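Chemist: sequence-free structure coming up:
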């Protein structure tokens with residue numbers, strides 16, 4: 001039985017690799033050259049290739065499904081604000097924190113944040129999930 005308490009936290013960390021970015025592009029069909037082409041990306045405001053924002057955000061999904069609340073968790077909604085780029089080689093940590101839990105149903109609202117290895121917030125958001133009791 002999953003018991004959630006206000007302020008409870010979990011984290012999940014992953015280093016973003018070229019292989020991950022290329023596989024994400026293949027899986028999603030998002031072949032934006034800012035993610036895949038070094039020469040093109042060098043001409044952008046980022047100066048080099050960046051990871052797909054949704055690839056970084058997928059760490060939130062992994063943390064929800066595996067860590068907090070854990071297996072059986074299903075998304076009801078997720079808001080995302082992309083605050084800074086994620087570059088290949090960055091190590092991103094998703095931080096999940098229980099904000100509220102409904103008393104009448106197994107539904108929780110969680111703050112969702114991703115930070116990089118320099119402690120820069122790259123994504124902020126909020127998830128509402130249905131969790132297994």
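Modeler: It's in. Note that the coordinates shown come from a computational prediction; the quantities given were computed from them, not determined experimentally.
Chemist: Compute the number of surrounding residues for residue 54.
Modeler: Number of residues near residue 54 (other Cβ atoms under 10 Å) recorded here: 14. Bear in mind the C-beta positions are built from the backbone N, C-alpha and C, glycine included.
Chemist: tell me the SS of it?
Modeler: helix (DSSP: H, G, I helix; E, B strand; the rest coil).
Chemist: Could you do the one 4 residues further on as well?
Modeler: Secondary structure for residue 58, judged by three-state DSSP, is helix.
Chemist: Tell me which residues touch the spatially most central residue of the chain, please.
Modeler: Centroid-nearest residue in the chain, with Cα atoms, centre = their mean: residue 57, separated by 2.4 Å. Applying Cβ atoms under 8 Å, 6 or more residues apart in numbering, we find residue 57 in contact with 78, 80, 114, 123, 125.
Chemist: all strands in this protein, in order from the N-terminus.
Modeler: 9-15, 74-82, 91-101, 107-115, 121-130 (DSSP state E).
Chemist: Out of those, indicate the one that is most buried.
Modeler: Comparing the strands of the chain on average neighbours per residue, with mean count of other Cβ atoms under 10 Å, the densest one is strand 107-115 at a mean of 21.
Chemist: what are the pairing partners of it, and which direction each?
Modeler: strand 91-101 (antiparallel), strand 121-130 (antiparallel) (DSSP bridges).
Chemist: nearest to residue 14, of the ones you listed?
Modeler: strand 91-101 (6.0 Å; Cβ to Cβ).
Chemist: hmm, who's touching that closest one?
Modeler: Counting by Cβ under 8 Å, 6+ apart, 4-16, 56, 59-60, 62-64, 67-68, 86, 107-117, 122, 126-127 sit against strand 91-101.
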